[in-house]
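>>> Need coordinates for the following:
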Amino acid sequence: MKMSTDRNLTHRAESNPEKIQQRPAVPPAVDIYENADELLVVADLPGVTRDKLAIRLEKGELTFEGRRAEAAEREQSAVDLPDFRRSFVVPQGIDSDKIAAELQSGVLRIHLPKSASLKPRQIPISAG
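Numbers count the residues shown, from 1 in each chain. Just a heads-up that it's a prediction; the model follows:
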């Protein structure tokens with residue numbers, strides 16, 4: 001492969017700089033609780049409404065992203081970053097079909113129910 005010896009570079013027009021919004025997503029404060037039946041993820045998402053919240057489970061990774069209501073009303077840019085974003089690896093034994101979430105007063109609760117194989121069970125003892 002022969003390289004070009006042309007050293008003249010074409011410059012982009014200085015009058016139209018590319019607009020990029022520099023508003024990185026913040027990992028929200030999260031608490032994780034466990035009992036015999038489920039894992040409970042509790043996240044603080046102040047100002048986020050249900051319609052501006054997305055929760056995904058993909059390849060064993062739970063991700064949620066949210067935008068504050070006032071941020072959604074600002075001018076949209078080519079790069080539309082969330083205000084909040086957090087990801088977790090979901091442990092084996094979670095029943096992914098029964099995952100549920102609720103958002104109330106800026107607090108997100110994600111219920112990750114354990115499958116029956118992970119739940120504690122009583123072992124009967126026979127007389128003998």
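>>> who's in contact with residue 84?
25, 26, 27, 28, 43, 45, 48, 64, 65, 66, 67 (Cβ atoms under 8 Å, 6 or more residues apart in numbering). Backbone N, C-alpha and C define where each C-beta goes, glycine included.
>>> top of these by neighbour count?
residue 66 (28 neighbours; other Cβ atoms under 10 Å).
>>> which one of the contacts of residue 84 is nearest residue 87?
Using Cβ to Cβ, residue 64 is the member of the contacts of residue 84 that lies nearest residue 87, at 8.1 Å.
>>> How far off centre is the helix or strand containing the closest one?
Using DSSP states H and E, residue 64 sits within strand 61-68. In terms of Cα atoms, centre = their mean, to the nearest Å, the centre of strand 61-68 is set 3 Å apart from its chain centre.
>>> Give me the next element, helix or strand, following the helix-or-strand element of the chain with minimal mean pLDDT.
Counting by mean pLDDT, DSSP states H and E, the chain has its least confident helix or strand at helix 69-73, which shows a mean of 58. Tracing the chain C-terminally past helix 69-73 and defining elements by DSSP H and E, one meets strand 84-89 next.
>>> okay, now residue 30: neighbour count?
For residue 30, the count of nearby residues is 15 (other Cβ under 10 Å).
>>> Can you verify my assumption that it contacts residue 40?
No. If you go by Cβ atoms under 8 Å, residue 30 and residue 40 don't touch, sitting 10.7 Å apart.
>>> which residue sits closest to residue 112, ignoring its sequence neighbours?
Nearest non-adjacent residue to residue 112, counting by Cβ to Cβ, 6 or more residues apart in numbering: residue 39, 4.2 Å away.
>>> Wait, a strand at that neighbour?
Yes. Assignment of residue 39 by DSSP: H, G, I helix; E, B strand; the rest coil places it within a strand.
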